[in-house]
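1. Predicted model and sequence follow; I will ask about them next.
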4 protein chains.
Amino acid sequence: MGMVGGGQGAFIGAIHRIAAQMDNEIELVCGAFSSDASRSLESGKALYLDPERCYSSYQQMFTREQQQPAEKRMDMVVIVTPNHLHFPVAKLALESGFHVMSDKPATLTLKEALELEAIVKQSSLLYGLSHTYTGYPMVKEAKSRVAAGALGKIKKVVVEYPQGWLASKDDEQSKQAAWRLDPARSGISCCMGDIGVHAANLAEYVTGLEITALCASLTTNVPGRSLDDDGTVLLRFNHDAHGVLLASQISVGEENNLRIRVYGEHASLDWSQLEPNSLLMKFPNRASQLIRSGVGELAPATTAILRTPAGHPEGYLEAFANLYRGFASQVRARLAGDNDNAPAQESHLDVPGIYQAVRGMAFIENVVAASHSDLKWHPFSLLPNEELATPPQGDKHA
Amino acid sequence: MGMVGGGQGAFIGAIHRIAAQMDNEIELVCGAFSSDASRSLESGKALYLDPERCYSSYQQMFTREQQQPAEKRMDMVVIVTPNHLHFPVAKLALESGFHVMSDKPATLTLKEALELEAIVKQSSLLYGLSHTYTGYPMVKEAKSRVAAGALGKIKKVVVEYPQGWLASKDDEQSKQAAWRLDPARSGISCCMGDIGVHAANLAEYVTGLEITALCASLTTNVPGRSLDDDGTVLLRFNHDAHGVLLASQISVGEENNLRIRVYGEHASLDWSQLEPNSLLMKFPNRASQLIRSGVGELAPATTAILRTPAGHPEGYLEAFANLYRGFASQVRARLAGDNDNAPAQESHLDVPGIYQAVRGMAFIENVVAASHSDLKWHPFSLLPNEELATPPQGDKHA
Amino acid sequence: MGMVGGGQGAFIGAIHRIAAQMDNEIELVCGAFSSDASRSLESGKALYLDPERCYSSYQQMFTREQQQPAEKRMDMVVIVTPNHLHFPVAKLALESGFHVMSDKPATLTLKEALELEAIVKQSSLLYGLSHTYTGYPMVKEAKSRVAAGALGKIKKVVVEYPQGWLASKDDEQSKQAAWRLDPARSGISCCMGDIGVHAANLAEYVTGLEITALCASLTTNVPGRSLDDDGTVLLRFNHDAHGVLLASQISVGEENNLRIRVYGEHASLDWSQLEPNSLLMKFPNRASQLIRSGVGELAPATTAILRTPAGHPEGYLEAFANLYRGFASQVRARLAGDNDNAPAQESHLDVPGIYQAVRGMAFIENVVAASHSDLKWHPFSLLPNEELATPPQGDKHA
Amino acid sequence: MGMVGGGQGAFIGAIHRIAAQMDNEIELVCGAFSSDASRSLESGKALYLDPERCYSSYQQMFTREQQQPAEKRMDMVVIVTPNHLHFPVAKLALESGFHVMSDKPATLTLKEALELEAIVKQSSLLYGLSHTYTGYPMVKEAKSRVAAGALGKIKKVVVEYPQGWLASKDDEQSKQAAWRLDPARSGISCCMGDIGVHAANLAEYVTGLEITALCASLTTNVPGRSLDDDGTVLLRFNHDAHGVLLASQISVGEENNLRIRVYGEHASLDWSQLEPNSLLMKFPNRASQLIRSGVGELAPATTAILRTPAGHPEGYLEAFANLYRGFASQVRARLAGDNDNAPAQESHLDVPGIYQAVRGMAFIENVVAASHSDLKWHPFSLLPNEELATPPQGDKHA
């Protein structure tokens, strides 16, 4: 694989590299780690890359890699830039014949996401999106149990993602904070675009339901910010389910406490990222079950992705690596001549793809529009919302 | 004290009796436990009461007790009937010269609550309301820390109260369920009237803030019900704080998982009734504090109400008893000639009173109205909402 | 009931009073709260007792109460003095015709315990011992499940009771610490006599097994102390089970973290006093069960003693009250003419009695002797150990 | 690196491979995965290795790799065979000029460990031992806090490692169980040799103390076994500390619940592998601290090894990778000409080495000898115990 972004000092690039290579199925062979050529080179050398393949721009990388002999050429591109570059890089990568694994959110706008969807569909290439939390074994287990009907009809979903890292003005000093709070690089939402979209994806992933309407209240809690740093969204799903999504970046002291609770007719599930190897299943009239990674009968999709025995906790990097393992297997299937365009679903090798990319961008735009509105409920729309404040002028994709 | 309601088989009556008598400050001397005279007598005899003082109606009880000599006469009335009787019983008790401790919600409607407020204010009598959760030591601790500024300015409050006991049609068989789901006896809301109002009270109690506007979505999740069994409420508080309230009676497997999280500028607090002797305090840049009953420096109001040493957990009954201890001390102050009408505040002896009664009924009416509305936000009003579906005709106070 | 000890400022007396009266079955009518007559009177008046029945010595109390008319006379004596007085007070109470509920440990020595056993057996009176932890609903549940064979044959028991309250020299200032560390008032062991004996009782209670041999290492961790403040005991039980008991008063920061884990062939149980309403049951090849008070199918003995619905936690005082409820029901049975001498077993009304009293004192003496020995294993003996350092001379029962 | 053992189906080999390569500092280049040549080849091919470097014996591997050009030759050998091969493989590897990272325990006997120690000391090569748990960030934090004096003088250590995987006869079917229970391949202890030694190492690692005497009771709980499957060890440390070690493989339902509690004069620490990103620090008179990976001020050695931000849990594989990262940095230092023989200590790059190897084997032999003895206490000896039942005759290193 080749990487765009993720130079020295960047956080998510290193995470992707560890995750991608954990199962020895994917190798980093080149990168355009920074738009600063020397910084890109330095970053690549620290990763033991061939200096010839440390590029100063993604455009250069795609061109040069196309010229590599097939057995040496990168197969896929990993995009770990700020949001505004996700689309142009993904677009060019696909047009250059490379599979794409992109950090989320997929693009800066829903319009871009729809355009990207068209490109992916026209190509015979794969597109993956890092909704990392879907890679946790106990999330797979939750999804499997819901799908198998263990909860009966789903009635209610509560999903929350509180963080505290942007709680004060002082927290804005970091590089991360700078671009997250900048509409030109981040898009029309900070909190919902960064973590709300993860929570929404997780809710749909685990339940197999889709959001059909929402009511939103986003707030900005620190003076001087132009984007939301907190929000609550009331949700309606298809099949008569309803729910709530809470996301926050100003909840002081919270780490990355993503948690989902799903209530069905016959049972409920409770999973939290802070203790990801546990899944609590509750029933109306009997003792709860504390389901643990590696203990007892688990769904095949769960067991298939466990790397360690019970009691040896796996974490975020392993969850992330599960996405890459799935993606690698899909890439290998393509190389072996399987051109089915749909990513594998309902298995341990599933990877969020362009469908989730579009829904994620739609979620962001729907939530922001609903928050601006005086009306309570808004249907979930897959059409770009032209009225939304668009990012400031200038070449935002520079 | 004398009790109205709470005959054999009733749940909350026994709870009140244990709580009231735990500290040896209050003695049950009479009761109108049931409108069925023989059932009332049976209930009273099982409690070792003088059969002469087991009354067949609250009216009879008040009349006869007025005739008792002062040293023998009951001082206060405890009301543990279904909701629709709270108001008429309280009204007559006050008019008969007895202090009143009422189960919540205070009345069936906000109009009644306002009328009751007028009666209380005109009398020199005390009125207490069983917002039991305010009696937990760690809730006092949370309130004390917020009041002392340990969190800085409050930004966000998340309060939730999920239960699962009304999740299915089958759950409607119990006596409890029958009246809770009956508008004539329960009022215009089931879920919000029973537990949402507790959550709202707790949020205001801990933070010292007041709700100023809300957006609500109530749902009914089992066919055939006329009242809500689940709801989410977005909240705005004074002083620029905001929040969310989740209450549910259809969250399968949940017990009485009341939990509140308060996020301020400098720290946050997290308390859950399931582990009531712990309070978690989190900070932006240092380790969290796990505050425990009886350990280390606690607020005076906390320490004053602890009955057991650290590590010997206290529970719901002790919390409830703390309300009664406060009420008993206020009654004693009255008997000693102190006629200050305001219940003690900011101390371990505080008891929710008529002010909380009115706000609670307003909360219920505001939430139901907001849920019916297509508009998102509604100011929190203390005026009775005449348009709300009123309970069915007939003598609902029979 | 009448109380010996427990005057103002004492801790355990107030606990006993709340517990005894919680269920409205027992009434405190008199007391010898202190050997100082005026202090006893003050203590009694604060409890609203008749000043005539606030006695200056237990001898006086027993004599005077015998002279009371039957309907007014106390039925039982509660002993909440330091350890050295347990035996003489219990002895005289029984000889004076009163039932006895004693704080643990039962006596100062095993020899006394055996003498007390003879007295109890010759009388037609009841003797109860406050091994409070046996009163927790989830402890009953654990015992019921073991007895029903849900764990199969028991293989291993781990019971621990760490505290930190005697960790430093400074901690010795309190009245509690003073007598606990004084052999004349406490006996030959501090840590094992105070809490080790609780842990041993709990292990035998839950498993239905009995200790048959032990290996002990007691330590004294603060200079100047003559008694142990920490100890570990390896245990052998009948039926081929084995185990470990850890008790400590110098484990800084620990509250009263009594915990028991029982491992059988087919399942294991894990209960901790810090979260007493939960019981974790684990299995070899399936998900653990999180058993909660009031949720699902529980043993009849568990359900019978619950006072609150699921999710409204009960605590230490309720557990204690369960012992008193059992004792009251036994007293009432005696008054009704049932003279069976054996306390009820295997039910929610069981109360630890003279059998547990003797085993407890034997445990203390066996552990201390084993700790002094260079040999590893020692059979559990019910004979008094004459060689053990006896408490200092002087009238220790003054 | 080259690997000995760890062919397809083996558990710990895959773990080592992921851990070694996680940070992109070490590359697997060859292996002798099985003594069956075709199985070794298959295993290596599945790992994308050059078939020429998939060897049929470790002897062959060492000889052939010596012949490789320096830039291609493996630098280090990873040993993941059953215990009986650890010594001969390590010995030959060192004699062939390769650094060694060995799975624990280091050898089959203390005698071998001492011989290995001499070999390591004579060489200029590195020897690492996989006491994996020392690689957890919160274990480093615990060690750092103890070393910095935050707990004061250590008084007591409780370390436990319960598992349930060998609880029944049926559990003996697995390949793992077969060799663990076979003295010829496992050594004189199963439970203590497999996990007790981890617990002992962790206790010494965190506290910086060393065991000086012990009292042990090992048991065999399933008929037909010749080795222990459960044991408790009373410990005395230098500097007047004492403690207890519990290890078990028959504790039904337990996963790998390694936990350590350290009690000092001023504070205590509590860490459990099941929630490895938390560390609880308790104090005598103030609220506990819940220390979390990535939150607040942590020791430099902790921060240095974190790969993910707070709230994105790291697990066992990351802990393991921290050992490899340390080892890689030491190897690199050697290649750069630094010939200091002692592994780095007190830093995030420390790796358990030959010193721990010897102490670990001594622990196993001391515990087994003490368990056989009728005497309680035994000094911790570093001399091989010739009297211990040695493994059965025959070439146990075949």
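-> Yep, that arrived.

2. Domain-wise, how is chain A divided?
-> According to automatic domain parsing, chain A is divided into the following domains: A:2-133+A:322-352, A:137-301.

3. Run a quick neighbour tally on residue A:72.
-> The number of residues packed around residue A:72, counting by other Cβ atoms under 10 Å in any protein chain shown, is 11. No exception for glycine: its C-beta is placed from N, CA and C like everyone else's.

4. Excluding residues flanking it in the chain, which one is nearest it?
-> Closest residue in space to residue A:72, ignoring its immediate chain neighbours: residue A:29 at 7.5 Å, by Cβ to Cβ, 6 or more residues apart in numbering or on different chains.

5. Around chain C, pick out the residues from chain A.
-> Residues of chain A found near chain C, taking Cβ under 8 Å from any Cβ of the partner chain as the criterion, are A:280-281, A:283, A:285-292, A:295-297.

6. List only buried entries from the residues you listed.
-> When the residues of chain A next to chain C are checked for burial by 16 or more other Cβ atoms under 10 Å in any protein chain shown, the buried set is A:280, A:281, A:283, A:287, A:288, A:289, A:290, A:291, A:292, A:295, A:296.

7. for the last one, what are its contacts?
-> The one in question is residue A:296. C:283, C:285, C:286, C:287 (Cβ atoms under 8 Å, 6 or more residues apart in numbering or on different chains).

8. Please apply the same query to the third one.
-> Residues near residue A:283 by Cβ under 8 Å, 6+ apart: A:266, A:267, A:289, B:252, B:253, C:296.

9. circling back to that earlier point, tell me the least confident of the residues of chain A next to chain C?
-> Of all the residues of chain A next to chain C, the one the model is least sure of by pLDDT is residue A:285, with 88.

10. Dump the contacts of residue A:283 to JSON lines, plus distance to residue C:184 and secondary structure.
-> Shown next, in JSON lines, are the contacts of residue A:283 (distance: Cβ to Cβ, whole Å; DSSP: H, G, I helix; E, B strand; the rest coil):
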{"residue": "A:266", "distance to residue C:184": "63", "secondary structure": "coil"}
{"residue": "A:267", "distance to residue C:184": "59", "secondary structure": "coil"}
{"residue": "A:289", "distance to residue C:184": "53", "secondary structure": "strand"}
{"residue": "B:252", "distance to residue C:184": "59", "secondary structure": "coil"}
{"residue": "B:253", "distance to residue C:184": "54", "secondary structure": "coil"}
{"residue": "C:296", "distance to residue C:184": "50", "secondary structure": "coil"}
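
11. Closest one of the residues you listed to residue D:113?
-> The nearest member of the contacts of residue A:283 to residue D:113, counting by Cβ to Cβ, is residue A:289 at 44.4 Å.

12. Was I right to think that closest one contacts residue C:287?
-> Yes - applying Cβ atoms under 8 Å, one finds residue A:289 in contact with residue C:287, separated by 4.2 Å.

13. what do the two both touch?
-> Counting by Cβ under 8 Å, 6+ apart, the residues touching both residue A:289 and residue C:287 are residue A:281.

14. near chain B, which residues of the stretch 151-300 of chain A?
-> Applying Cβ under 8 Å from any Cβ, one finds that the stretch 151-300 of chain A approaches chain B through A:155-156, A:158, A:164, A:167-168, A:171, A:215, A:217, A:219, A:221, A:230, A:232, A:234, A:242, A:244, A:246, A:248, A:250-254, A:261, A:263-268, A:281-284, A:288.

15. All the strands of chain A, in order from the start?
-> Counting by DSSP state E, the segments of chain A that form strands are A:2-5, A:30-32, A:76-80, A:99-102, A:127-129, A:154-162, A:211-219, A:230-237, A:242-248, A:259-264, A:268-272, A:278-282, A:288-292, A:378-379.

16. Reformat those strands as TSV; add distance to residue A:11.
-> What follows is the strands of chain A, written out as TSV (distance: least, Cβ to Cβ, whole Å):
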stretch	distance to residue A:11
strand A:2-5	11
strand A:30-32	16
strand A:76-80	9
strand A:99-102	16
strand A:127-129	18
strand A:154-162	17
strand A:211-219	25
strand A:230-237	22
strand A:242-248	19
strand A:259-264	22
strand A:268-272	22
strand A:278-282	26
strand A:288-292	30
strand A:378-379	34
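
17. Relative to chain D, which of the ones you listed is closest?
-> Shortest separation from chain D across the strands of chain A is recorded for strand A:288-292, at 6.7 Å, computed as Cβ to the nearest Cβ.

18. How about that closest one and chain D, touching?
-> Yes - counting by Cβ under 8 Å from any Cβ, chain D has neighbours in strand A:288-292: residue A:292.

19. Next, the angle from that strand to strand C:288-292.
-> Relative orientation of strand A:288-292 with respect to strand C:288-292: 150 degrees, computed using axes from the mean of the first three to the mean of the last three Cα atoms, to 10 degrees.
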